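Peer 1: Sequence first, then the predicted structure:
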2 protein chains.
Amino acid sequence: MGRSSTARDRLLSSACELMHTRGYAAIGVAEICARADVRKGSFYHFFPSKQALTAEVVNAHWQRQRIGWQTALAAGAESGSDRGVPLAGVKRLERLVGWLVDGQRQAWEETGRVDGCLLGNLAVELSSQELGSQELGSQELGGRGDGGDQEPGIRRRLGAIFEEQAALIESALGEGTRDVARTVVAQIEGAVLMSRLAGDITPLAGLWPAVRRLVAGP
Amino acid sequence: MGRSSTARDRLLSSACELMHTRGYAAIGVAEICARADVRKGSFYHFFPSKQALTAEVVNAHWQRQRIGWQTALAAGAESGSDRGVPLAGVKRLERLVGWLVDGQRQAWEETGRVDGCLLGNLAVELSSQELGSQELGSQELGGRGDGGDQEPGIRRRLGAIFEEQAALIESALGEGTRDVARTVVAQIEGAVLMSRLAGDITPLAGLWPAVRRLVAGP
């Protein structure tokens, strides 16, 4: 019973890992169950669908990530300083970028892969749309039929998370910087995409110089 | 025979449209053939595999796009000026960004969708990697088995195209700006990702202000 009580968590973490590495459409319920060591018949006891599981994966992932964002962007004192002088917004943003790049670097050192941003990867894949020829879709072609714009709720959630990231950056840089903060979020996603494509972290070396220029003001 | 002589082109353009809109893994050979009005049996007469077709789709797409990049970034005179005063690099870059945003806006007005960047979308999807559990993959699960890192050649080509984009930008901004140019390419990809996710072109309004800041220098 000890195992089954953690089955739900194992399904979530297996799905998170599989989707981060290989995407959404390429992963099926059977594979998630196999990786989680959960019988396929039990899956639907925990989640009504792969979409429902994915929505929880996204929320759980951002819940963990948000702590890192908030910590990096907090107005806390420089570590080691007793005097508690608040850090300037741009220094806090530098701390955020450093933390993000370190995360990719650590994963790359451990796995030899750059998986990039789970949220950005899902954003690209789940924003695909159905065309008129979709009647030729899943059933006839033996596909899983769960690609396409069938996850508008997850898309909205991803958009809300990116906006929350921009709001967190704005809170560090000062009110009225939301537009600039959004371009920082876009720069992070673009740089991480390039790094994922290259399969190494070299492209991330340019991220902080770019972000610094974005927030430097006219 | 007139039709069959264009069958190859129709397969290429159908695949390009389907992949731009719905991605790579979600599209199968049968669907591409149906859209192109080509019998499935004929597909392999023209292309040995979906991967081979995709490589040609990427090259054909960039061949067309490159003309737009080169035209926008050319040192040509301001249109309407007889005197042929060369445009400054930053003005040529502004022309490029305007052209890219116009392209997304026109497609959005025609289709109601923002498909984003075919190359960026494929970069995310084709950079997915196999995990140890892949033995549970395509065959047993009835998938198409063509996701995953089975297209290293296409990935390398996509990386080379993004580098060519950076080189084109460098040629406008001046030698030694390659690193900055790469951050411009990343910003374009990130902004287009956000626009695709939102399903409208509003996020692209911030693209030129961001690029201008990136190239403004310290």
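Peer 2: Looks like it came in fine.
Peer 1: what's the distance between residue A:18 and residue A:123?
Peer 2: Look at residue A:18 and residue A:123: by C-beta to C-beta, to the nearest Å, they are 17 Å apart. Glycine gets a C-beta too; all of them are placed from N, C-alpha and C.
Peer 1: low pLDDT regions in chain A?
Peer 2: For chain A, applying pLDDT under 70 flags the ranges A:1-5, A:77-86, A:129-150, A:217-218.
Peer 1: which residues in it form strands?
Peer 2: Using DSSP state E, chain A contains no strands.
Peer 1: which residue ranges form the helices in it?
Peer 2: For chain A, the helices defined by DSSP state H cover A:2-5, A:7-22, A:29-36, A:40-46, A:50-73, A:89-111, A:118-126, A:138-141, A:152-173, A:178-198, A:207-215.
Peer 1: Figure out which of those helices is closest to residue B:9.
Peer 2: Closest to residue B:9 of these is helix A:138-141 (C-beta to C-beta; 23.1 Å).
Peer 1: I am assuming residue A:195 contacts residue A:201, so please confirm or correct that.
Peer 2: Yes - using C-beta atoms under 8 Å, residue A:195 is in contact with residue A:201, at 5.6 Å.
Peer 1: So between these two, which is more surrounded?
Peer 2: Neighbours per residue, other C-beta atoms under 10 Å in any protein chain shown: of residue A:195 and residue A:201, the larger number sits with residue A:195, 27 against 20.
Peer 1: For the more buried one, which non-adjacent residue is spatially closest?
Peer 2: residue A:203 (4.4 Å; C-beta to C-beta, 6 or more residues apart in numbering or on different chains).
Peer 1: Any idea how many residues pack against the one you found?
Peer 2: The tally of other residues near residue A:203 (other C-beta under 10 Å) stands at 24.
Peer 1: which residues sit in contact with it?
Peer 2: By C-beta atoms under 8 Å, 6 or more residues apart in numbering or on different chains, residue A:203 lies in contact with A:191, A:194, A:195, B:182, B:186.
Peer 1: What separation do you get for the fourth one and residue A:114?
Peer 2: From residue B:182 across to residue A:114, the span is 16 Å (C-beta to C-beta).
Peer 1: again with the second one
Peer 2: Using C-beta to C-beta, one obtains 10 Å as the distance from residue A:194 to residue A:114.
Peer 1: Please say which of the two ends up with more neighbours.
Peer 2: Counting neighbours by other C-beta under 10 Å for residue A:194 and for residue A:114 shows that residue A:194 has the greater number, 29 against 24.
Peer 1: Surely that one touches residue B:162?
Peer 2: Yes - the pair residue A:194 and residue B:162 passes the contact test of C-beta under 8 Å, sitting 6.6 Å apart.
Peer 1: where do the contact lists of these two overlap?
Peer 2: B:123, B:182, B:185, B:189.
Peer 1: could you pick out which of these are near chain A?
Peer 2: Counting by C-beta under 8 Å from any C-beta of the partner chain, B:123, B:182, B:185, B:189 from these sit close to chain A.
Peer 1: what about the last one, how many neighbours?
Peer 2: To tie it back to what came earlier, the one meant is residue B:189. Per other C-beta under 10 Å, the neighbour tally for residue B:189 reads 30.
Peer 1: contacting residues around it?
Peer 2: Contacts here follow C-beta under 8 Å, 6+ apart; on that basis residue B:189 touches A:189, A:190, A:193, A:194, B:117, B:120, B:123, B:162.
Peer 1: cool, and the second one?
Peer 2: Residues counted as contacts of residue B:182 (C-beta under 8 Å, 6+ apart) are A:194, A:203, A:206, B:162, B:163, B:166.
Peer 1: Would you quantify the distance from residue A:212 to chain B?
Peer 2: From residue A:212 over to chain B the distance is 8 Å, taken as C-beta to the nearest C-beta, to the nearest Å.
Peer 1: Now do that residue against residue B:122, distance only.
Peer 2: Per C-beta to C-beta, residue A:212 is found 30 Å from residue B:122.
Peer 1: more neighbours, the two?
Peer 2: Neighbour count, other C-beta under 10 Å: between residue A:212 and residue B:122, residue B:122 has more, with 25 against 16.
Peer 1: Now that the more buried one has come up, it's in contact with residue B:54, right?
Peer 2: Yes - using C-beta under 8 Å, residue B:122 is in contact with residue B:54, at 7.5 Å.
Peer 1: shared neighbours of the two, anything?
Peer 2: Common neighbours of residue B:122 and residue B:54, using C-beta under 8 Å, 6+ apart, are B:19, B:24, B:154.
Peer 1: Filter these down to just the buried residues.
Peer 2: Taking 16 or more other C-beta atoms under 10 Å in any protein chain shown as the criterion, what is buried in the shared contacts of residue B:122 and residue B:54 is B:19, B:24, B:154.
Peer 1: Tell me who's in contact with the nearest residue to residue A:54 once chain neighbours are set aside.
Peer 2: Spatial nearest neighbour of residue A:54, excluding adjacent residues (C-beta to C-beta, 6+ apart): residue A:154 at 5.8 Å. Contact analysis of residue A:154 by C-beta under 8 Å, 6+ apart lists A:51, A:54, A:55, A:58, A:122, A:126.
Peer 1: Let me know the closest of the residues you listed to chain B.
Peer 2: residue A:126 (8.2 Å; C-beta to the nearest C-beta).
Peer 1: and that closest one, how many residues sit next to it?
Peer 2: With other C-beta under 10 Å as criterion, residue A:126 counts 28.
Peer 1: ditto for residue A:41
Peer 2: By the criterion of other C-beta under 10 Å, residue A:41 has 8 neighbours.
Peer 1: Then residue A:188?
Peer 2: Neighbour number of residue A:188 under other C-beta under 10 Å is 25.
Peer 1: Look up how far residue A:96 lies from it.
Peer 2: For residue A:188, the distance to residue A:96 equals 9 Å [C-beta to C-beta].
Peer 1: cool, and residue A:184?
Peer 2: Going from residue A:184 to residue A:96 by C-beta to C-beta gives 9 Å.
Peer 1: of those two, who's got more company?
Peer 2: Using other C-beta under 10 Å as the criterion, residue A:184 and residue A:96 rank with residue A:184 on top: 27 against 24.
Peer 1: Isn't that one up against residue A:170?
Peer 2: No - Residue A:184 is beyond contact range of residue A:170, at 9.6 Å (criterion: C-beta under 8 Å).
Peer 1: returning to what we had before: now the buried ones among the shared contacts of residue B:122 and residue B:54 in TSV, with distance to residue B:175?
Peer 2: TSV is the format used below for those (distance: C-beta to C-beta, whole Å):
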residue	distance to residue B:175
B:19	36
B:24	36
B:154	30
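Peer 1: before we move on, the earlier item: closest to residue B:108 among the contacts of residue B:182?
Peer 2: Nearest to residue B:108 among the contacts of residue B:182 is residue B:162, at 23.2 Å by C-beta to C-beta.
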